[in-house]
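J.: Starting from these lines, generate the structure:
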Amino acid sequence: MNINPVQLFDVESSTFTYILVADDNESAVIIDPVERHWERDLAHLERLDLKLAYVLETHAHADHVTSAGKLRELTGAQAAVPSGCGIAPAEVQLNDGDVIRFGPHDQIEVLHTPGHTAGSVSYVWRGNVFTGDTLLIDGCGRTDFQSGSSAALFDSVVGKLFALPDATRMWPGHDYKGQSVSTIGWERRHNARLTNRSKEDFGVLMAALNLPKPKLIDMAVPANQNLGLPHGA
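T.: Numbers count the residues shown, from 1 in each chain. Have a look, this model is predicted:
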């Protein structure tokens, strides 16, 4: 059965969650789950008779709380997170070039793609890349907090993500315009923030965005650094 990837959406934070199913149709991983939807996500896994192997985070989110810790407790999955995000309770701390294996043959390559945060990563799997907040459809994540850097984000996108094959399907961590998937080739040619810009021009653009502080950042980041669980749990 071809059900990959399962894409789920949180309306309040415009966050995408992804479930990837191994080729044995028995094992799965979930990327960037949202706390308020843990029952929904667990129901998807149970409905498809899937055993969750890993809960993956692309970074420590500032706009919602993760359900990684709860899903880990309920399923026995391991939490795998970027090593630069301060998420100490996770069993697996990921670095650039690491490979996550699940199912008989499936593997996910980890790309360190800093810029939105210093520890942000993207995940490459079967001709797909899950970019978190680093690269969005026709845009990119902000770079003005959590050790963000417009120069680092530019290098991550141009040097790593845009180096992937054009046909690679690009699945973002958020969407605010009703879009769900793009390709690396399309983003390389058309992305409104990055196409035909120098690193210097991109830095000027990002510095001028003057975005409001995320409403939940002071609560969400510490919570997410504990996998969304109460501290002490």
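J.: which stretches of this structure have low pLDDT?
T.: In the prediction, the chain carries residues with pLDDT under 70 at positions 1-2, 232-233.
J.: Residue 185 and residue 167 touch, don't they?
T.: Yes: counting by C-beta atoms under 8 Å, a contact exists between residue 185 and residue 167, whose distance comes to 6.6 Å. Any C-beta I mention is one placed from the backbone N, CA and C, and that applies to glycine too.
J.: So for the two, which sits in the more crowded spot?
T.: Residue environment comparison for residue 185 versus residue 167 gives the larger neighbour count to residue 185, 15 against 9, counting by other C-beta atoms under 10 Å.
J.: What residue, apart from its backbone neighbours, is nearest the more buried one spatially?
T.: The spatial neighbour of residue 185 that comes closest, neighbours along the chain excluded (C-beta to C-beta, 6 or more residues apart in numbering), is residue 166 at 2.9 Å.
J.: Name all residues that make contact with the residue nearest to residue 118 when sequence neighbours are not counted.
T.: The spatial neighbour of residue 118 that comes closest, neighbours along the chain excluded (C-beta to C-beta, 6+ apart), is residue 147 at 3.7 Å. Residues in contact with residue 147, defined by C-beta atoms under 8 Å, 6 or more residues apart in numbering, are 114, 117-119.
J.: what do you get for residue 139?
T.: With contacts taken as C-beta under 8 Å, 6+ apart, residue 139 has the following neighbours: 191-193.
J.: Got a ChimeraX select line for the buried ones in those residues?
T.: The ChimeraX command for the buried members of those (criterion: 16 or more other C-beta atoms under 10 Å) is given here:
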select :191,193
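J.: so which of the contacts of residue 139 comes closest to residue 18?
T.: Distances from residue 18 to the contacts of residue 139, taken as C-beta to C-beta, are shortest for residue 191 (20.7 Å).
J.: My guess is the closest one contacts residue 131. True?
T.: No: contact between residue 191 and residue 131 fails when scored by C-beta under 8 Å: they sit 11.5 Å apart.
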